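S.K.: got a sequence here, can you model it:
(chains A and B, ligands or ions: 1)
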Amino acid sequence: MTLNRRLFLGSSIAAAGALAAPMVRAQGKPRVVVVGGGAGGATAARYIAKDSDGAIDVTLIEPSRTYYTCFFSNLYIGGLRDLQSIAHSYGTLASAFGINVVHDWVIGVDRDAKTVALASGGSLPYDRLILSPGIDFIDDAVPGWSVASQNAMPHAYKGGSQTELLKAQVEAMPQGGTFAMIAPPNPYRCPPGPYERVSMVAHKLKAENPTAKILILDPKEGFSKQALFVEGWQKHYPGMIERIGPDFGGGNVSVNPDEMTVDIDGDVQKVDVCNVIPAQKAGLIAEAAGLTEGNWAPVNPTDLSSTMDENIHVLGDAAAQGAMPKSGFAANSQAKVCANAVRGALTGSTVFPARFSNTCWSLIDTDDGVKVGATYEAGETEIVALDTFVSQTNETAEVREETYDESVGWYQAITEDMFGQA
Amino acid sequence: MPNKAIPLTVLAGSLLAEPVLAQESDGEGLYQQCIACHQLGPDADNLVGPHLNDLIGRQAAGLDGYLYSPAMDAAGADGLVWTTETLDAFLTDPSGTVPRTSMGYGGMADPQERATLIAFLTSQSANVGFAVDAEILALKGDPAYGEYLSGDCTACHARDAGEGIPAITGRSRDAFVTVMQAYKQGAITHPVMTMMASRLSNEEIAALAAYFENAE
Ligand SMILES: Cc1cc2nc3c(=O)[nH]c(=O)nc-3n(C[C@H](O)[C@H](O)[C@H](O)COP(=O)(O)OP(=O)(O)OC[C@H]3O[C@@H](n4cnc5c(N)ncnc54)[C@H](O)[C@@H]3O)c2cc1C
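M.R.: Now for the predicted structure:
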């Protein structure tokens, strides 16, 4: 396979990768290159470096110097967290774990030569490559919308500036205005994410703009934790939120970002904020490396290795792994199993059987938290669920507050598990 | 900082009524030396000394409703936590271990007796009326496997206690196994921990206990 240098990253390339990649390489040590410093990639890099005690040379390639988590970004939009509290740097991974952190984009993978090409020029060799690039959007998923219109109609489904923009737009809404959300079809990152977002926008509007309306246009029949959300919306935000499902045209929607209108099955409406969360696929580099089938990269359930290349592992949202949802918790869980297997393959350390778990919390209103979780193991061809739980409707305020408190403890723990304790 | 109490959603009468293990009944016999000053059990109050429920894992001077000596307060503030090891030292020579403690008890010289008494106190820890089988407590876990398994825990349990989620490092193996078995066997319930513990075998719990005892 030849090196694919097609520039698939468009304009964002210019902003990234000012720093040339250091080509330092410890002689003879096996080399692991991790692409993407998010929930999957940062965790994998840290565990391999930590547990191999210097026996493996670990390089983490990530364009941003600051990682803004998507998890808890809805709480930021709702005004319950500040931006600084969801920002993380890679300093500890470099200083305390000896990881070679390179701020650059990977623009191609030469699977025969086992090298990755960097946007700034040059390439890096690997013995094992781990891709955890998260998601990208499917072109024309919402007619009228493209990444070029993300300033008028933000997705806020990747962390950082998009989240800030959406929050500012909600704050600038006229009294009694309309916030529209175009929800994505399955499968997508964070199944309860859009509905937690609606809750947090409602929380903010209730205080600042109580006559405003929220309109959800949804191509799905049902959604994650639906009974819990609907119960919570009726309790905290009566009359504010309307959801139009596929039976009423919620699946046949186009937008006009210049006019700020939405066309719902032929009925054109003017809106004040339009949060478009398009249909999703694996981060583009997975496709560029030739590792995708359809929209996602299929992997083996025992070690998250690509079914197309045994020297490459794909983690997190980008992977088609079976039963786990696309969540930060899941990406972190998969990364640890992958790290253990990669270490075993490169240094002969013991490889233990794969085991995974996930819990996703969502906040409906202040101190009203709900959660859903499951344990998983490697089945024949994909990851399968073992045991699950979900919060119940009609729980007491105490239980809901404890659930929220847990999510705060989890946020602290998982970000330390990704980036090390600052 | 007081140890986080475990919510007791199930206080199984049947568990309380079960015959106590031989080792425990010896321990219960030895406990008669403490009973004048310390209470144990569901209705335990602070008397001359603080009650000893949930003792393993408790920070010294960690109960809110009891007035400790300045010496014990200081030891707790310095990080003394009651584990199998620290209790062994304290019970050997109370005022040698915590100088100027107000506990008027001379000490227990025999190491075997101390071990038996501590096992009994451990079985009363983190639960009231829930005792783990001696065989399960005796399992020796592999810390390397425990370290791998801990990957299932560290997304929620940070090194330091977080909001709503306690820290789980640095506890004695017995105390750790007792709480995990209490979740696994349903003596205490919590949606997440019940799910996490019920998937673990006894050997896996022992492995986690061996790892977390010394984890930082
Ligand atoms: C609103 C919202 C709320 C959420 N809430 C939760 C929650 O409460 N709990 C939860 O568990 N999950 C939550 N999630 C989901 C979670 O954010 C993702 O599932 C998780 O981040 C996936 O991890 P990842 O490693 O696959 O991708 P990411 O964390 O997105 O990391 C991918 C990284 O790769 C980098 N990258 C991409 N391409 C390249 C390239 N070519 N070269 C170099 N670097 C590259 C990107 O810059 C990025 O930093 C939420 C998501 C959203 C949008």
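
S.K.: and the pLDDT for the nearest residue to A:Ala345 once chain neighbours are set aside?
M.R.: Leaving aside its sequence neighbours, A:Ala345 sits nearest to A:Arg128 (C-beta to C-beta, 6 or more residues apart in numbering or on different chains; 6.9 Å). Heads up, the C-betas are built off the backbone N, CA and C, glycines and all. What the model reports for A:Arg128 is a pLDDT of 98.

S.K.: residues contacting A:Arg128?
M.R.: Counting by C-beta atoms under 8 Å, 6 or more residues apart in numbering or on different chains, A:Arg128 touches A:30-33, A:311-313, A:342, A:345-346.

S.K.: quick one, phi psi at it?
M.R.: When read as degrees, to the nearest 10, the backbone of A:Arg128 gives phi -130, psi 140.

S.K.: the contacts of A:Arg128: which ones sit near the ligand?
M.R.: Applying C-beta under 6 Å from any ligand atom, the subset of the contacts of A:Arg128 adjacent to the ligand is empty.

S.K.: helix or strand for A:Ala45, just tell me which one.
M.R.: Assessed by DSSP states H and E, A:Ala45 sits inside helix A:39-52.

S.K.: packing partners for that helix?
M.R.: strand A:31-35, strand A:57-61, helix A:91-95, strand A:128-131, helix A:328-347, helix A:397-419 (3 or more C-beta pairs under 8 Å, 6 or more residues apart in numbering or on different chains; DSSP states H and E).

S.K.: out of these, nearest to B:Ser198?
M.R.: helix A:328-347 (17.5 Å; C-beta to C-beta).

S.K.: identify each buried residue in that closest one, please.
M.R.: Residues of helix A:328-347 classed as buried by neighbour count (16 or more other C-beta atoms under 10 Å in any protein chain shown): A:328-343, A:345-346.

S.K.: hang on, the earlier thing: for the residue nearest to A:Ala345, name its beta-bridge partners.
M.R.: For A:Arg128, the beta-bridge partners under DSSP bridges are A:Val32.

S.K.: in what helix or strand does A:Val268 lie?
M.R.: strand A:267-270.

S.K.: and that strand, what other elements does it pack with?
M.R.: strand A:178-182, strand A:261-264.

S.K.: which strands border it, and is each parallel or antiparallel?
M.R.: strand A:261-264 (antiparallel).

S.K.: ok now the partner strand, how far from the chain's centre?
M.R.: 27 Å (C-alpha atoms, centre = their mean, to the nearest Å).

S.K.: pLDDT of it, averaged?
M.R.: For strand A:261-264, mean pLDDT is 98.

S.K.: what's that strand in contact with?
M.R.: Taking C-beta under 8 Å, 6+ apart as the rule, strand A:261-264 contacts A:144, A:180, A:182, A:217, A:244, A:249-250, A:252-256, A:268-271, A:274.

S.K.: coming back round to it: turn the helices and strands packed on helix A:39-52 into JSON lines, including distance to B:Trp82.
M.R.: Listed next are those as JSON lines, based on distance: least, C-beta to C-beta, whole Å:
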{"stretch": "strand A:31-35", "distance to B:Trp82": "42"}
{"stretch": "strand A:57-61", "distance to B:Trp82": "40"}
{"stretch": "helix A:91-95", "distance to B:Trp82": "33"}
{"stretch": "strand A:128-131", "distance to B:Trp82": "43"}
{"stretch": "helix A:328-347", "distance to B:Trp82": "32"}
{"stretch": "helix A:397-419", "distance to B:Trp82": "24"}
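
S.K.: wait, which of these is closest to A:Gly78?
M.R.: helix A:397-419 (12.3 Å).

S.K.: next, the buried residues of the closest one.
M.R.: A:400, A:402-419.

S.K.: same check on stretch A:80-97?
M.R.: Under 16+ other C-beta under 10 Å, the buried positions of stretch A:80-97 are A:80-81, A:86, A:88, A:90, A:92-93, A:97.

S.K.: what about that stretch, start to end distance?
M.R.: Terminal residues of stretch A:80-97 lie 32 Å apart, using C-alpha to C-alpha, to the nearest Å.

S.K.: same thing with stretch A:44-60?
M.R.: End-to-end distance (C-alpha to C-alpha), stretch A:44-60: 9 Å.

S.K.: give me the buried positions along that stretch.
M.R.: A:44-52, A:55-60.

S.K.: same thing with stretch B:63-71?
M.R.: Buried residues in stretch B:63-71 (16+ other C-beta under 10 Å): B:63, B:68, B:71.

S.K.: quick check: end-to-end length of it?
M.R.: 15 Å.

S.K.: neighbouring contacts of it?
M.R.: By C-beta under 8 Å, 6+ apart, stretch B:63-71 touches B:2, B:46, B:50-51, B:61, B:76, B:98-102.

S.K.: does stretch A:412-422 reach chain B?
M.R.: Yes: using C-beta under 8 Å from any C-beta of the partner chain, stretch A:412-422 reaches chain B at A:412-414, A:416-417, A:421.

S.K.: looking at these, which is nearest A:Asp367?
M.R.: A:Gln412 (17.6 Å).

S.K.: list the contacts of that closest one.
M.R.: B:158, B:162-163.

S.K.: if we use 7 Å, what do you get?
M.R.: A:Gln412 makes contacts with B:158, B:162, as judged by C-beta atoms under 7 Å, 6 or more residues apart in numbering or on different chains.

S.K.: would you mind measuring from it to A:Pro143?
M.R.: Here the criterion is C-beta to C-beta, to the nearest Å. By it, A:Gln412 lies 42 Å from A:Pro143.

S.K.: coming back round to it: could you identify which of the helices and strands packed on strand A:267-270 is most buried?
M.R.: Comparing the helices and strands packed on strand A:267-270 by mean neighbour count (mean count of other C-beta atoms under 10 Å in any protein chain shown), strand A:178-182 ranks first with a mean of 24.

S.K.: who does that strand pair up with?
M.R.: By DSSP bridges, strand A:178-182 pairs with strand A:213-217 (parallel), strand A:273-276 (parallel).

S.K.: next, see if it gets close to the ligand.
M.R.: No: with C-beta under 6 Å from any ligand atom as the criterion, the ligand is not reached by strand A:178-182; the gap is at least 11.3 Å.

S.K.: which ones are touching the residue in the stretch 101-250 of chain A that the ligand sits nearest to?
M.R.: Here the residue of the stretch 101-250 of chain A nearest the ligand is A:Gly134; by C-beta to the nearest ligand atom that distance is 2.7 Å. Shown in contact with A:Gly134 (C-beta under 7 Å, 6+ apart): A:36, A:38, A:283, A:316-318.

S.K.: next, format these as JSON lines and append neighbour count, pLDDT and distance to B:Gly170.
M.R.: Shown next, in JSON lines, are the contacts of A:Gly134 (neighbours: other C-beta atoms under 10 Å in any protein chain shown; pLDDT from 0 to 100; distance: C-beta to C-beta, whole Å):
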{"residue": "A:Gly36", "neighbour count": "29", "pLDDT": "98", "distance to B:Gly170": "34"}
{"residue": "A:Gly38", "neighbour count": "27", "pLDDT": "98", "distance to B:Gly170": "31"}
{"residue": "A:Gly283", "neighbour count": "25", "pLDDT": "98", "distance to B:Gly170": "39"}
{"residue": "A:Gly316", "neighbour count": "33", "pLDDT": "98", "distance to B:Gly170": "32"}
{"residue": "A:Asp317", "neighbour count": "30", "pLDDT": "98", "distance to B:Gly170": "35"}
{"residue": "A:Ala318", "neighbour count": "33", "pLDDT": "98", "distance to B:Gly170": "37"}
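
S.K.: near the ligand too, which of these?
M.R.: Applying C-beta under 6 Å from any ligand atom to the contacts of A:Gly134, those adjacent to the ligand are A:36, A:38, A:283, A:316-318.

S.K.: tell me which of the residues you listed is nearest to B:Thr194?
M.R.: Nearest to B:Thr194 among these, with distances taken as C-beta to C-beta, is A:Gly316, at 27.0 Å.

S.K.: about what we covered before: quick one, which of the contacts of A:Arg128 are buried?
M.R.: Among those, those classed as buried by neighbour count (16+ other C-beta under 10 Å) are A:30-33, A:312-313, A:342, A:345-346.
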